[in-house]
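In: From the sequence below, what's the structure:
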Amino acid sequence: MSFLQTLIFAIIQGITELFPISSVAHGVLTPFLLGWGLDQAFLKEHFLPYLVMLHLGTAAALLVFFWRDWVNLLAGVVKGGPDRRVLALLVVGTIPAAILGLAFEKVLRAAFSDPFNAAIFLIVNGFLLFFGERLRGRGERTLAELSFVQALLIGLAQSLALIPGFSRSGASMVAGFWAGLKHEEAARFSMLLATPIIAGASLLVVPKMLRQAEGDVIQSALVGGAVSGVCALVAVWALMRWFKRNEIDAMRPFAFYCWALGAVVLGMIYIG
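Out: Have a look, this model is predicted:
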(Lines give C-alpha, C1' and ligand atoms only; values in the text may rest on other atoms or scores of the structure.)
Protein backbone atom coordinates (compact mmCIF):
# COMPACT_ATOMS: atom_id res chain seq x y z
CA MET A 1 0.00 0.00 0.00
CA SER A 2 1.15 3.51 -0.78
CA PHE A 3 1.45 6.19 1.89
CA LEU A 4 -1.65 7.91 0.47
CA GLN A 5 -3.66 4.68 0.72
CA THR A 6 -2.63 4.10 4.33
CA LEU A 7 -3.50 7.72 5.13
CA ILE A 8 -6.97 7.33 3.60
CA PHE A 9 -7.47 4.16 5.63
CA ALA A 10 -6.49 6.01 8.81
CA ILE A 11 -8.96 8.84 8.21
CA ILE A 12 -11.81 6.45 7.38
CA GLN A 13 -11.00 4.22 10.37
CA GLY A 14 -10.91 7.14 12.78
CA ILE A 15 -14.32 8.40 11.68
CA THR A 16 -16.22 5.17 11.12
CA GLU A 17 -15.04 3.33 14.25
CA LEU A 18 -17.20 5.61 16.39
CA PHE A 19 -19.96 6.63 13.99
CA PRO A 20 -22.68 3.93 13.78
CA ILE A 21 -21.75 2.99 10.20
CA SER A 22 -19.34 0.03 10.68
CA SER A 23 -15.60 0.66 10.40
CA VAL A 24 -15.02 -2.99 9.44
CA ALA A 25 -17.37 -2.69 6.47
CA HIS A 26 -15.58 0.49 5.38
CA GLY A 27 -12.25 -1.30 5.70
CA VAL A 28 -13.57 -3.95 3.30
CA LEU A 29 -15.32 -1.54 0.93
CA THR A 30 -12.70 1.23 0.66
CA PRO A 31 -10.24 -0.72 -1.55
CA PHE A 32 -13.17 -1.99 -3.63
CA LEU A 33 -14.74 1.44 -4.19
CA LEU A 34 -11.42 3.15 -4.92
CA GLY A 35 -10.23 0.35 -7.19
CA TRP A 36 -6.99 -0.29 -5.35
CA GLY A 37 -6.89 -3.97 -6.31
CA LEU A 38 -5.15 -5.02 -3.11
CA ASP A 39 -4.43 -8.69 -2.60
CA GLN A 40 -6.36 -9.93 0.46
CA ALA A 41 -3.71 -12.52 1.36
CA PHE A 42 -1.05 -9.79 1.36
CA LEU A 43 -3.21 -7.56 3.54
CA LYS A 44 -3.79 -10.31 6.10
CA GLU A 45 -0.04 -10.86 6.39
CA HIS A 46 1.28 -7.29 6.33
CA PHE A 47 -1.60 -5.00 7.31
CA LEU A 48 -1.85 -6.12 10.95
CA PRO A 49 0.67 -3.62 12.43
CA TYR A 50 -1.06 -0.75 10.71
CA LEU A 51 -4.53 -1.86 11.79
CA VAL A 52 -3.37 -2.30 15.38
CA MET A 53 -2.07 1.27 15.52
CA LEU A 54 -5.30 2.61 14.00
CA HIS A 55 -7.30 0.99 16.78
CA LEU A 56 -4.90 2.19 19.45
CA GLY A 57 -5.26 5.70 18.05
CA THR A 58 -9.05 5.41 18.34
CA ALA A 59 -8.81 4.09 21.90
CA ALA A 60 -6.47 6.96 22.83
CA ALA A 61 -8.99 9.45 21.41
CA LEU A 62 -11.77 7.94 23.52
CA LEU A 63 -9.61 8.11 26.63
CA VAL A 64 -8.75 11.75 25.95
CA PHE A 65 -12.37 12.74 25.35
CA PHE A 66 -13.81 10.83 28.30
CA TRP A 67 -10.87 11.22 30.70
CA ARG A 68 -13.02 12.87 33.36
CA ASP A 69 -15.49 9.99 33.20
CA TRP A 70 -12.73 7.41 33.63
CA VAL A 71 -11.14 9.32 36.52
CA ASN A 72 -14.50 9.49 38.27
CA LEU A 73 -15.25 5.84 37.54
CA LEU A 74 -11.91 4.65 38.90
CA ALA A 75 -12.24 6.93 41.91
CA GLY A 76 -15.65 5.36 42.48
CA VAL A 77 -13.91 2.08 43.32
CA VAL A 78 -12.77 3.73 46.56
CA LYS A 79 -15.57 6.26 47.10
CA GLY A 80 -18.47 4.05 46.06
CA GLY A 81 -21.75 5.51 44.83
CA PRO A 82 -23.13 5.68 41.26
CA ASP A 83 -19.66 5.77 39.63
CA ARG A 84 -18.73 2.40 41.17
CA ARG A 85 -21.96 0.93 39.83
CA VAL A 86 -21.38 2.34 36.33
CA LEU A 87 -17.86 0.88 36.31
CA ALA A 88 -19.28 -2.50 37.31
CA LEU A 89 -21.85 -2.21 34.51
CA LEU A 90 -19.05 -1.51 32.03
CA VAL A 91 -17.16 -4.60 33.20
CA VAL A 92 -20.28 -6.73 32.76
CA GLY A 93 -21.01 -5.19 29.35
CA THR A 94 -17.47 -5.91 28.17
CA ILE A 95 -17.67 -9.64 28.86
CA PRO A 96 -19.76 -10.78 25.83
CA ALA A 97 -17.67 -8.96 23.21
CA ALA A 98 -14.43 -10.12 24.83
CA ILE A 99 -15.48 -13.79 24.88
CA LEU A 100 -17.14 -13.86 21.47
CA GLY A 101 -14.34 -11.82 19.92
CA LEU A 102 -11.66 -14.25 21.07
CA ALA A 103 -13.75 -17.26 20.02
CA PHE A 104 -15.28 -16.23 16.70
CA GLU A 105 -13.69 -13.05 15.30
CA LYS A 106 -11.37 -14.77 12.82
CA VAL A 107 -14.11 -17.13 11.63
CA LEU A 108 -16.70 -14.37 11.17
CA ARG A 109 -14.32 -11.95 9.48
CA ALA A 110 -13.10 -14.66 7.10
CA ALA A 111 -16.65 -15.72 6.26
CA PHE A 112 -18.11 -12.26 5.63
CA SER A 113 -15.18 -9.98 4.68
CA ASP A 114 -16.03 -9.42 1.03
CA PRO A 115 -17.74 -6.41 -0.59
CA PHE A 116 -21.05 -8.19 -1.26
CA ASN A 117 -21.56 -9.42 2.31
CA ALA A 118 -20.32 -6.15 3.79
CA ALA A 119 -22.84 -4.22 1.67
CA ILE A 120 -25.71 -6.53 2.63
CA PHE A 121 -24.99 -6.29 6.36
CA LEU A 122 -24.46 -2.54 6.06
CA ILE A 123 -27.99 -2.24 4.69
CA VAL A 124 -29.27 -4.44 7.53
CA ASN A 125 -27.39 -2.17 9.94
CA GLY A 126 -29.31 0.75 8.44
CA PHE A 127 -32.61 -0.95 9.30
CA LEU A 128 -31.31 -1.61 12.82
CA LEU A 129 -30.59 2.10 13.28
CA PHE A 130 -33.82 3.25 11.63
CA PHE A 131 -36.19 1.08 13.62
CA GLY A 132 -34.04 1.22 16.75
CA GLU A 133 -34.74 4.94 16.80
CA ARG A 134 -38.32 4.13 17.77
CA LEU A 135 -37.09 2.71 21.07
CA ARG A 136 -35.88 6.13 22.24
CA GLY A 137 -39.23 6.84 23.90
CA ARG A 138 -38.87 4.02 26.44
CA GLY A 139 -37.56 6.34 29.16
CA GLU A 140 -35.04 8.84 30.48
CA ARG A 141 -32.85 6.57 32.60
CA THR A 142 -29.28 7.33 33.66
CA LEU A 143 -26.42 4.85 33.31
CA ALA A 144 -26.44 4.08 37.02
CA GLU A 145 -30.07 2.97 36.72
CA LEU A 146 -29.29 0.19 34.26
CA SER A 147 -29.56 -3.35 35.54
CA PHE A 148 -26.64 -5.75 35.14
CA VAL A 149 -28.74 -7.90 32.80
CA GLN A 150 -29.36 -4.88 30.58
CA ALA A 151 -25.65 -4.03 30.57
CA LEU A 152 -24.88 -7.63 29.57
CA LEU A 153 -27.41 -7.46 26.71
CA ILE A 154 -25.96 -4.13 25.50
CA GLY A 155 -22.54 -5.79 25.48
CA LEU A 156 -23.98 -8.73 23.58
CA ALA A 157 -25.45 -6.35 21.00
CA GLN A 158 -22.02 -4.75 20.63
CA SER A 159 -20.71 -8.15 19.53
CA LEU A 160 -22.64 -7.82 16.25
CA ALA A 161 -19.70 -5.69 15.09
CA LEU A 162 -17.72 -8.91 14.62
CA ILE A 163 -19.65 -9.20 11.35
CA PRO A 164 -18.52 -6.60 8.78
CA GLY A 165 -21.43 -4.26 8.14
CA PHE A 166 -22.80 -4.12 11.67
CA SER A 167 -21.69 -1.15 13.75
CA ARG A 168 -20.38 -1.61 17.28
CA SER A 169 -21.60 1.80 18.40
CA GLY A 170 -24.87 1.54 16.48
CA ALA A 171 -25.85 -1.84 17.93
CA SER A 172 -24.91 -0.88 21.50
CA MET A 173 -26.72 2.47 21.26
CA VAL A 174 -29.91 0.85 19.97
CA ALA A 175 -29.67 -1.66 22.83
CA GLY A 176 -29.24 1.33 25.14
CA PHE A 177 -32.47 2.84 23.77
CA TRP A 178 -34.19 -0.47 24.50
CA ALA A 179 -32.89 -0.27 28.08
CA GLY A 180 -34.45 3.18 28.49
CA LEU A 181 -31.44 5.45 27.96
CA LYS A 182 -31.85 8.69 26.05
CA HIS A 183 -29.63 9.42 23.04
CA GLU A 184 -26.77 11.15 24.84
CA GLU A 185 -26.62 8.59 27.67
CA ALA A 186 -26.79 5.66 25.23
CA ALA A 187 -23.97 7.19 23.16
CA ARG A 188 -21.86 7.82 26.27
CA PHE A 189 -22.26 4.24 27.51
CA SER A 190 -21.47 2.95 24.02
CA MET A 191 -18.23 4.97 23.83
CA LEU A 192 -17.15 4.00 27.35
CA LEU A 193 -17.94 0.37 26.56
CA ALA A 194 -15.93 0.49 23.32
CA THR A 195 -12.75 1.81 24.95
CA PRO A 196 -11.56 -1.35 26.77
CA ILE A 197 -12.65 -3.58 23.86
CA ILE A 198 -10.79 -1.59 21.21
CA ALA A 199 -7.70 -1.05 23.38
CA GLY A 200 -7.63 -4.61 24.72
CA ALA A 201 -8.03 -6.27 21.32
CA SER A 202 -5.20 -4.14 19.92
CA LEU A 203 -2.79 -4.62 22.83
CA LEU A 204 -3.18 -8.40 22.61
CA VAL A 205 -1.48 -8.42 19.22
CA VAL A 206 1.15 -5.72 19.86
CA PRO A 207 3.88 -8.29 20.72
CA LYS A 208 3.22 -10.16 17.47
CA MET A 209 3.23 -6.85 15.59
CA LEU A 210 6.62 -5.84 16.98
CA ARG A 211 8.13 -9.24 16.14
CA GLN A 212 6.92 -9.34 12.54
CA ALA A 213 6.79 -5.76 11.32
CA GLU A 214 9.60 -4.06 9.43
CA GLY A 215 10.84 -0.54 10.14
CA ASP A 216 9.00 1.21 7.33
CA VAL A 217 5.76 -0.59 8.26
CA ILE A 218 6.08 0.54 11.88
CA GLN A 219 6.68 4.11 10.72
CA SER A 220 3.56 4.10 8.53
CA ALA A 221 1.60 2.49 11.37
CA LEU A 222 2.63 5.22 13.82
CA VAL A 223 1.60 7.95 11.40
CA GLY A 224 -1.68 6.14 10.68
CA GLY A 225 -2.39 5.71 14.39
CA ALA A 226 -1.85 9.43 15.02
CA VAL A 227 -4.10 10.43 12.11
CA SER A 228 -6.76 7.92 13.14
CA GLY A 229 -6.65 9.21 16.71
CA VAL A 230 -7.15 12.83 15.66
CA CYS A 231 -10.04 11.87 13.35
CA ALA A 232 -11.61 9.74 16.08
CA LEU A 233 -11.37 12.63 18.54
CA VAL A 234 -13.20 14.91 16.12
CA ALA A 235 -15.72 12.15 15.40
CA VAL A 236 -16.60 11.47 19.04
CA TRP A 237 -16.90 15.21 19.73
CA ALA A 238 -19.25 15.62 16.75
CA LEU A 239 -21.26 12.50 17.66
CA MET A 240 -21.81 13.45 21.29
CA ARG A 241 -22.74 16.98 20.25
CA TRP A 242 -25.16 15.59 17.66
CA PHE A 243 -26.95 13.33 20.14
CA LYS A 244 -27.10 16.07 22.74
CA ARG A 245 -28.82 18.45 20.31
CA ASN A 246 -31.03 15.91 18.53
CA GLU A 247 -33.29 13.83 20.71
CA ILE A 248 -35.56 12.99 17.75
CA ASP A 249 -34.47 10.99 14.68
CA ALA A 250 -30.79 11.31 15.53
CA MET A 251 -29.98 7.87 14.10
CA ARG A 252 -31.83 8.23 10.83
CA PRO A 253 -29.14 10.10 8.84
CA PHE A 254 -26.74 7.24 9.59
CA ALA A 255 -29.38 4.70 8.51
CA PHE A 256 -29.85 6.54 5.20
CA TYR A 257 -26.07 6.59 4.69
CA CYS A 258 -25.80 2.83 5.27
CA TRP A 259 -28.60 2.14 2.80
CA ALA A 260 -27.10 4.43 0.17
CA LEU A 261 -23.56 3.06 0.43
CA GLY A 262 -24.78 -0.55 0.51
CA ALA A 263 -26.94 0.05 -2.57
CA VAL A 264 -24.07 1.69 -4.47
CA VAL A 265 -21.74 -1.24 -3.75
CA LEU A 266 -24.36 -3.82 -4.75
CA GLY A 267 -25.02 -1.85 -7.94
CA MET A 268 -21.28 -1.79 -8.78
CA ILE A 269 -21.02 -5.54 -8.17
CA TYR A 270 -24.08 -6.19 -10.32
CA ILE A 271 -22.85 -4.16 -13.29
CA GLY A 272 -19.34 -5.54 -12.89
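
In: Excluding sequence neighbours, find me the nearest residue to residue 230.
Out: Closest residue to residue 230 apart from its sequence neighbours, by Cβ to Cβ, 6 or more residues apart in numbering: residue 14 at 6.9 Å. C-beta here means a position set from N, CA and C on the backbone, and glycine is covered the same way.

In: Low-confidence ranges, the stretch 51-200 of the chain, go.
Out: Residue ranges of the stretch 51-200 of the chain with pLDDT under 70: 109-112, 136-139.

In: give me that answer again for 80
Out: 51-52, 101-113, 134-140, 200 (pLDDT under 80).

In: Next, please give the residue ranges for the helices of it.
Out: Assigned by DSSP state H, counting those that start in this stretch, the stretch 51-200 of the chain shows helices spanning 67-79, 82-112, 115-132, 148-158, 168-178, 183-204.

In: In three-state terms, label the residue nearest to residue 230 for me.
Out: Secondary structure for residue 14, judged by DSSP: H, G, I helix; E, B strand; the rest coil, is helix.

In: Give me the neighbour count for it.
Out: 28 (other Cβ atoms under 10 Å).

In: Report the contact partners of it.
Out: 54, 57, 58, 61, 227, 228, 229, 230, 231, 232, 234, 235 (Cβ atoms under 8 Å, 6 or more residues apart in numbering).

In: rerun at 6 Å
Out: Residue 14 makes contact with 228, 231, 232, according to Cβ atoms under 6 Å, 6 or more residues apart in numbering.

In: So which of those is surrounded by the most neighbours?
Out: residue 228 (32 neighbours).

In: what's the helix or strand for that one?
Out: If you go by DSSP states H and E, residue 228 is part of helix 215-245.

In: so after that helix, what's the next helix or strand?
Out: helix 252-271.

In: Can you get me a residue count around the nearest residue to residue 192 once chain neighbours are set aside?
Out: Once flanking residues are discounted, residue 192 sits nearest to residue 90: 5.8 Å by Cβ to Cβ, 6+ apart. Look at residue 90: counted by other Cβ under 10 Å, it has 21 neighbours.

In: circling back to that earlier point, next, the buried residues of the helix holding residue 228.
Out: For helix 215-245, a neighbour-count test (16 or more other Cβ atoms under 10 Å) marks 217, 220-221, 223-233, 235-236, 239-240, 242-243 as buried.

In: With stretch 1-19 instead?
Out: 1, 6-10, 12-19.

In: any chance of these in JSON lines, plus pLDDT and distance to residue 131?
Out: Shown next, in JSON lines, are these (pLDDT from 0 to 100; distance: Cβ to Cβ, whole Å):
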{"residue": "1", "pLDDT": "70", "distance to residue 131": "38"}
{"residue": "6", "pLDDT": "83", "distance to residue 131": "37"}
{"residue": "7", "pLDDT": "89", "distance to residue 131": "36"}
{"residue": "8", "pLDDT": "91", "distance to residue 131": "32"}
{"residue": "9", "pLDDT": "88", "distance to residue 131": "31"}
{"residue": "10", "pLDDT": "90", "distance to residue 131": "32"}
{"residue": "12", "pLDDT": "93", "distance to residue 131": "26"}
{"residue": "13", "pLDDT": "89", "distance to residue 131": "27"}
{"residue": "14", "pLDDT": "91", "distance to residue 131": "28"}
{"residue": "15", "pLDDT": "92", "distance to residue 131": "24"}
{"residue": "16", "pLDDT": "92", "distance to residue 131": "21"}
{"residue": "17", "pLDDT": "89", "distance to residue 131": "23"}
{"residue": "18", "pLDDT": "89", "distance to residue 131": "22"}
{"residue": "19", "pLDDT": "93", "distance to residue 131": "18"}
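
In: and the gap between the residue nearest to residue 192 and residue 15?
Out: Separation of residue 90 from residue 15 (Cβ to Cβ, to the nearest Å): 24 Å.

In: now residue 95
Out: On the measure of Cβ to Cβ, residue 95 and residue 15 end up 28 Å apart.

In: What of residue 260?
Out: 16 Å.
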